[in-house]
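Participant: Fold the stuff below for me.
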Amino acid sequence: MAGARLAAVGGLVRELLREEAPSRIAALTEELFQAAGSICEEDGSAAEVEPRPAGPVPPSSPPEESGVQAAALAQVEEGAISLWNWAVTKHMGSVVNDEQRAKLRFVACRLVCLCEGSDPPEGTIRRQILMSMKTGKGWIDIGKADLADGFLEIAMNSIEKLYAKLLKGSNGEADIHVHKADVEKNLFKVLSYQAESAVAQGDFQKAVMSVQRCKDMLIKLPKETCYLSILCYNFGVETYEWKRYEQSSFWLSQSYDIGKMDMKYSIGKEMQAKVLRLLATAYFEWDCNLYLDKALKAINLANQENLHPAGFYLKIKILLKSGASDEDISSALSEFLHHQMSLDFCLNTAKLLLEHGREPVGFDLLKSISERFESSPDRGKITLLHIEFLLQNKRELLAKQKVEEIIIGHYTGKQLLPEALNRLHIILWDRAAKHYEAKSYSEALHWYNYSVSFYTPGQIDQNLAKLQRNMASCYLHLRQVDKAKEAVREAERCDPNSIFTKFSVYKIAVMEKDADKAVEAVIEMGKLAEKPSQHEDKLRVDENTGTNLLSLAAQIALENEQQVVAIKALEYLSEHLQDCQQLFAALKCLVRLTLSKVMAENEEKRDEDINSMLTYLTLAHKRLAESFTEEKFTEDMRILEAHWFRKVAWNLAVQFRGCPKKMRDFFLLSFKLSQFCPSDKAVLLAQKTCLLMAAAVDLEMGRQQETPSEQMELLNQALQHLQACKEIWKVLKLTGDFAKDPTDTLLLLYEFEARSKLNDPTLHNLMESVWEQPHIEVKTLEIIAYLDACVLQEVWDYFEDALSVVSSTDAYPEMEILWLMTRAWNTGIFQYTVGKYKEAEQWCGLGMRFLNHLGSLKKSYEGHMIGLYSEVLDKLDRAKGFLPNEEE
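Facilitator: Predicted structure coming up:
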């Protein structure tokens with residue numbers, strides 16, 4: 001079994017060595033890794049020498065078989081070494097990554113181990129040591145330290161084998177020392193790798209033991225001092241990042257101590273100082289109160305080893321944390337002021353002092369560095385920091401003096417660098433904003449004016465536009481409208497297409513009660529909200545900005561009792577709001593405002609506002625339908641909103657009953673909105689009534705229409721409403737007793753009227769169902785009869801008018817004549833089937849008159865119609881008694 005597995009792995013190795021495609025290399029690498037692991041787990045003993053059991057010595061294998069096995073193992077070993085070298089080459093060429101190289105090393109190393117005999121030669125052992133060490137280190141480097149331990153243990157065992165073999169062949173004490181020195185180099189490396197693995201796996205004690213053994217070996221291996229010191233430093237960094245401060249301080253102390261063991265091979269003063277600074281930081285963050293002395297000792301040593309700004313800065317931090325006096329801190333500051341330090345470092349130190357409330361020392365330091373960097377182009381940074389901390393400590397008057405000094409300098413050749421000037425503008429605006437929030441508008445203007453001082457007359461800048469808009473807001477609060485207008489004009493000059501500028505124009509218009517200008521500004525805001533603009537400062541005016549401003553515009557209009565303006569703002573707002581709750585709130589407000597406006601208007605002005613309310617309710621229906629995809633808008637919310645809007649639509653339908661078309665539209669909207677509500681009895685009753693009313697209005701409007709096409713459209717609509725109403729009525733009748741409800745009668749009468757006027761062929765079926773009803777009232781039948789007569793007379797008049805037109809021209813379309821002829825003829829045949837022979841003769845005769853005006857199509861219909869018309873006349877004569885019945 002082991003031989004077969006080894007052969008399979010060998011085949012994969014040979015295939016990989018020939019492969020060039022990266023994707024296939026990756027797949028084969030993974031396959032090899034799994035296969036090699038399987039061999040190691042199940043057949044690892046195949047290549048090992050098992051202890052011979054007691055008893056007679058078994059016969060040895062035949063020489064031929066042993067030779068074949070040896071050749072096979074040699075071939076596997078050769079393939080493993082080729083694989084190792086191939087992995088090194090391909091990794092250098094970036095064909096395989098670190099993890100793939102580690103896996104290929106794993107395979108090669110395992111195969112070599114399997115091929116190792118019971119007494120390998122020295123060269124084989126050395127190769128095994130090298131491969132095992134590198135394989136273990138490879139796993140550590142890719143973050144899989146747990147896989148490294150086995151290989152490092154193999155390396156350790158191989159080192160022991162090598163040492164034993166070397167001792168066996170030595171010729172005296174001198175040889176032994178040489179062999180021991182040779183072995184110790186590899187032993188040191190393996191121990192250091194074991195320490196790395198232990199730290200990565202969180203085994204502190206094992207790591208300490210490994211490092212201690214390495215440390216003991218430095219007497220014989222002094223060149224490794226630098227390596228071991230840096231290794232301990234790295235351990236200190238890792239454990240510091242994991243916030244294991246006790247372990248970190250141990251490793252950093254070890255690094256420093258090892259670094260001092262042999263100055264010839266030391267890591268150098270700069271590195272030693274770096275180690276000590278991190279050690280001081282570890283003590284500081286571990287427990288500054290408990291380890292204050294150790295932290296100070298470490299940082300003082302670091303500064304003695306190598307002067308570095310980070311060391312001075314850390315020392316000041318430790319002193320501040322310890323509560324040291326101003327004198328002690330000043331003494332520490334004097335140490336580094338004698339050295340060349342950068343401006344940024346000095347500013348950071350001053351900032352640290354001021355943030356910890358050490359104003360006297362901090363401001364003294366600012367004064368010192370101001371003198372030191374007097375000629376620096378970055379000197380403005382010093383003044384800015386001074387201003388910031390004066391403001392933080394509520395020393396605004398002194399801060400103003402500093403700002404005014406900068407303004408004077410700006411116009412006398414001492415301008416700030418652009419970065420510093422931008423920072424100053426931010427400081428000034430922040431201070432102005434704080435005063436604005438505190439409603440100290442005059443003081444806010446004072447700080448905004450400082451900012452304006454740095455702009456040249458006529459300059460076009462979007463930040464200047466923002467500045468002018470902010471100033472305009474302050475002026476409006478102070479009721480200084482003229483100054484506000486002037487500021488807004490400046491904003492328009494700098495940024496005319498900004499929605500914020502239009503909003504400023506709007507606020508002034510509202511304050512002046514200029515409704516037309518306010519509406520115009522709202523319209524402009526709405527357009528800009530539809531097309532978000534990309535400003536030069538990369539500030540994108542997104543939809544939220546537009547909706548927020550429109551919402552605020554509506555609020556301002558309402559607060560100032562400007563209803564028309566508020567409606568316009570809310571209309572644009574409802575077009576852009578994405579949040580359902582906000583949208584429905586806006587639509588409710590719109591409905592209420594528009595309704596109150598309608599009630600105060602005369603009849604002539606109402607139509608536009610009624611149409612607007614239809615639009616609002618239609619939008620409400622649309623967004624309710626879309627709200628199912630919005631997670632935050634729950635089912636209960638949807639039902640609540642649907643009830644509100646359906647009731648409003650119902651009430652509006654009733655209120656505008658003098659306008660049938662509007663009444664119908666509101667009833668239909670109420671029905672549609674009610675479909676988002678649970679179908680309880682109350683909702684079903686409302687739905688039934690809405691549809692009945694809509695059908696009734698369509699029928700009434702159909703009676704008044706002059707053109708047949710418009711009448712047909714209304715009648716078809718009525719039938720659709722009636723059909724929907726029937727379905728609801730069926731469900732509703734299951735919920736209780738509706739014996740006295742006239743709905744059945746109304747549905748019958750409305751449907752009869754619509755179908756009879758449409759000359760619907762299914763009217764006969766409708767009448768059949770009427771006759772089958774056991775309790776139909778006589779009055780209902782009388783109404784049907786009356787409707788039938790009225791409908792026929794009304795339709796007869798239309799057809800006679802049409803025939804008159806056809807007779808007076810030769811250019812009338814033949815297909816329309818055919819349609820009129822067919823409708824008239826079918827009406828006559830229907831009358832014939834129900835026994836109304838006189839009416840049948842009239843309508844069929846009308847059809848024959850239309851037939852005479854057909855052209856090429858006349859022959860197709862003439863024979864059939866003449867035959868049927870004779871039957872109609874015969875029936876009519878018999879009914880009058882002119883002809884005797886045939887004898888049977």
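Participant: what number of residues lie near residue 223?
Facilitator: Using other Cβ atoms under 10 Å, residue 223 has 11 other residues around it. C-betas here are computed from N, CA, C, even on glycine.
Participant: Next: residue 20.
Facilitator: There are 7 residues near residue 20, going by other Cβ under 10 Å.
Participant: Ok, residue 284 next?
Facilitator: 22.
Participant: Go ahead and confirm it touches residue 295.
Facilitator: Yes: Residue 284 is within contact range of residue 295, at 4.8 Å (criterion: Cβ atoms under 8 Å).
Participant: which residues are in contact with both of those two?
Facilitator: Counting by Cβ atoms under 8 Å, 6 or more residues apart in numbering, the shared contacts of residue 284 and residue 295 are residue 318.
Participant: And residue 48, what's its pLDDT?
Facilitator: pLDDT, residue 48: 36.
Participant: With residue 63 instead?
Facilitator: On pLDDT, residue 63 comes in at 50.
Participant: give me every residue that touches residue 855.
Facilitator: Residue 855 makes contacts with residue 814, as judged by Cβ under 8 Å, 6+ apart.
Participant: Show the pLDDT at it.
Facilitator: 84.
Participant: Distance check, residue 439 against residue 109.
Facilitator: 77 Å (Cβ to Cβ, to the nearest Å).
Participant: neighbour count winner among the two?
Facilitator: residue 109 (27 against 9).
Participant: Report whether that one is found in a helix, as I expect.
Facilitator: Yes: under DSSP: H, G, I helix; E, B strand; the rest coil, residue 109 sits within a helix.
Participant: Pretty sure it sits against residue 136.
Facilitator: No: Residue 109 sits out of contact with residue 136 when judged by Cβ under 8 Å, with a separation of 9.1 Å.
Participant: Need the residues touching each of the two.
Facilitator: What both residue 109 and residue 136 touch, as defined by Cβ under 8 Å, 6+ apart, is the set residue 151.
Participant: can you map out the helices along the stretch 451-600 of the chain?
Facilitator: 462-477, 481-494, 499-511, 515-530, 543-559, 563-576, 580-599 (DSSP state H, counting those that start in this stretch).
Participant: Reformat these as TSV; add mean neighbour count and mean pLDDT.
Facilitator: Below are the helices of the stretch 451-600 of the chain laid out as TSV (neighbours: other Cβ atoms under 10 Å; pLDDT from 0 to 100):
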stretch	mean neighbour count	mean pLDDT
helix 462-477	22	93
helix 481-494	19	91
helix 499-511	23	90
helix 515-530	19	87
helix 543-559	19	85
helix 563-576	23	87
helix 580-599	18	88
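Participant: Using TSV, lay out the ones you listed together with distance to residue 808.
Facilitator: Formatted as TSV, these follow (distance: least, Cβ to Cβ, whole Å):
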stretch	distance to residue 808
helix 462-477	73
helix 481-494	68
helix 499-511	63
helix 515-530	54
helix 543-559	61
helix 563-576	52
helix 580-599	49
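Participant: between those helices, which one is nearest to residue 360?
Facilitator: When these are compared by Cβ to Cβ, helix 462-477 sits nearest residue 360, at 36.0 Å.
Participant: Now do the closest one: which elements does it pack against?
Facilitator: helix 418-437, helix 441-452, helix 481-494, helix 499-511 (3 or more Cβ pairs under 8 Å, 6 or more residues apart in numbering; DSSP states H and E).
Participant: Go ahead and measure how far the longest one is from the middle of the chain.
Facilitator: Looking back up the chat, that one is helix 418-437. Relative to the centre of its chain, helix 418-437 is centred 32 Å away, using Cα atoms, centre = their mean, to the nearest Å.
Participant: What of the second one?
Facilitator: Centroid separation between helix 441-452 and its chain, computed with Cα atoms, centre = their mean, is 39 Å.
Participant: Identify each buried residue in that helix, please.
Facilitator: 441, 443, 444, 445, 446, 447, 448, 450, 451 (16 or more other Cβ atoms under 10 Å).
Participant: got the contact list for the first one?
Facilitator: Think residue 441. Counting by Cβ under 8 Å, 6+ apart, residue 441 touches 435, 474, 475, 477, 478.
Participant: The same query, at a cut-off of 10 Å, please.
Facilitator: 432, 435, 471, 473, 474, 475, 476, 477, 478, 480 (Cβ atoms under 10 Å, 6 or more residues apart in numbering).
Participant: of the residues you listed, closest to residue 309?
Facilitator: Checking the contacts of residue 441 one by one against residue 309 (Cβ to Cβ), the nearest turns out to be residue 432, at 35.6 Å.
Participant: Please tell me how far that closest one sits from residue 467.
Facilitator: Taken as Cβ to Cβ, the span from residue 432 to residue 467 is 9 Å.
Participant: which residues are common contacts for the two?
Facilitator: 448, 449, 451.
Participant: correct me, but the last one touches residue 463?
Facilitator: This points to residue 451. Yes: proximity of residue 451 to residue 463 meets the contact threshold set by Cβ atoms under 10 Å, at 8.7 Å.
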